[in-house]
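Visitor: Sequence and predicted structure below; questions after.
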Amino acid sequence: MPGCCAHDYEKIFGRKAAARDARRFRRGGLSGSAAALAELAGDVSGQSVLEVGGGVGAIEVTLLEAGAERATNVELAASYEEEAAGLLAERGLEGRVDRRVSDFVAAGETISPHDVVVMHRVVCCYPDVDTLVGVAAGRTRRLLLLTYPRERTVVRAAFWTLNAWQRITGSTFRAYVHPVERIAAAARAHGLTLAERRRHGVVWESAAYSR
């Protein structure tokens with residue numbers, strides 16, 4: 001998410017959203033498309049995970065507990081940090097996660113490559129899909145995992161309605177249904193190939209691109 005939208009992004013994904021997400025994860029772990037995306041990572045034993053827009057860090061926590069060695073989380077909204085710290089402390093993972101509050105595209109070159117890069121429902125929040133996916137693809141040694149909106153008329157209509165409401169309320173936040181082929185092309189340009197694709201209900205689709 002570009003810096004100009006950061007304030008409105010944090011208004012949408014604020015402390016209440018963070019508390020809700022942490023509470024749900026404590027109760028039942030990952031669910032839905034987040035659980036499916038973590039499954040696509042496969043065996044992560046001894047590997048590093050970079051999660052972009054990870055919120056409270058539920059996916060990276062799950063992968064650490066599945067055997068990953070360390071994780072980095074790059075999140076635009078500082079509102080997630082308190083809840084994320086609480087989850088890490090409860091599970092004894094504080095020393096294994098580097099959490100950064102930053103625009104991932106701007107900071108991408110300062111982040112070392114990781115074995116697995118995860119973007120769960122992040123592509124739909126960024127206008128420049130080519131750059132976002134390209135930077136993420138350039139940071140992975142093994143896998144790039146993404147969840148994004150399906151290209152369907154009903155999904156586009158829902159996102160149009162959401163964006164219309166954002167305009168009416170004066171928010172700069174916008175949501176996007178990017179062409180899947182553009183996502184794939186950005187991954188291919190960095191040497192990745194599609195390994196698997198899964199659909200989750202009407203709205204979401206996940207993909208794993210491997211090196």
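Guide: Cool, the structure landed.
Visitor: Output the contacting helices and strands for the lengthiest strand in the chain.
Guide: Across the chain, the strand with the greatest residue count (assigned by DSSP state E) is strand 140-149. Using 3 or more CB pairs under 8 Å, 6 or more residues apart in numbering; DSSP states H and E as the contact definition, the elements that strand 140-149 packs against are helix 32-40, strand 114-120, helix 129-138, helix 180-188, strand 204-210. Heads up, the C-betas are built off the backbone N, CA and C, glycines and all.
Visitor: can you do 6 Å?
Guide: helix 32-40, strand 114-120, strand 204-210 (3 or more CB pairs under 6 Å, 6 or more residues apart in numbering; DSSP states H and E).
Visitor: So Glu196: helix, strand or coil?
Guide: Secondary structure for Glu196, judged by DSSP: H, G, I helix; E, B strand; the rest coil, is strand.
Visitor: Identify the residues contacting it.
Guide: For Glu196, the contact set (CB atoms under 6 Å, 6 or more residues apart in numbering) comprises Ala208.
Visitor: Equivalent analysis for Arg150, please.
Guide: Glu205.
Visitor: Now do stretch 38-56: distance from first to last residue.
Guide: The first and final residues of stretch 38-56 sit 15 Å from each other (CA to CA, to the nearest Å).
Visitor: Pull out the buried positions in it.
Guide: Judged by neighbour count (16 or more other CB atoms under 10 Å), stretch 38-56 contains these buried residues: 38-42, 44, 47-56.
Visitor: Could you list the residues in contact with it?
Guide: By CB under 6 Å, 6+ apart, the surrounding residues in contact with stretch 38-56 are 18, 21-22, 30, 59-60, 62-63, 66-75, 80, 83-84, 87, 104, 114-119, 122, 139, 145, 208.
Visitor: Repeat that for stretch 125-141.
Guide: Residues beyond stretch 125-141 that count as contacts (CB under 6 Å, 6+ apart) turn out to be 1, 50, 105, 108, 111, 113, 115, 117, 119, 144, 178, 182-183, 186-187, 190, 192.
Visitor: Over to stretch 201-211?
Guide: Defining contact as CB under 6 Å, 6+ apart, one finds that stretch 201-211 is touched by 33, 36-37, 40, 142-147, 149-150, 155, 187, 191-192, 194-199.
Visitor: Could you pull up the residues touching Ala68?
Guide: When contacts are counted by CB under 6 Å, 6+ apart, Ala68 is found next to 44, 47, 49.
Visitor: Let's see which of the residues you listed end up in helices.
Guide: Assignment to helices by DSSP state H places none of the contacts of Ala68 there.
Visitor: could the residues you listed go into CSV alongside distance to Arg100 and pLDDT?
Guide: Output for these, formatted as CSV (distance: CB to CB, whole Å; pLDDT from 0 to 100):
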residue, distance to Arg100, pLDDT
Val44, 20, 98
Gln47, 19, 98
Val49, 14, 98
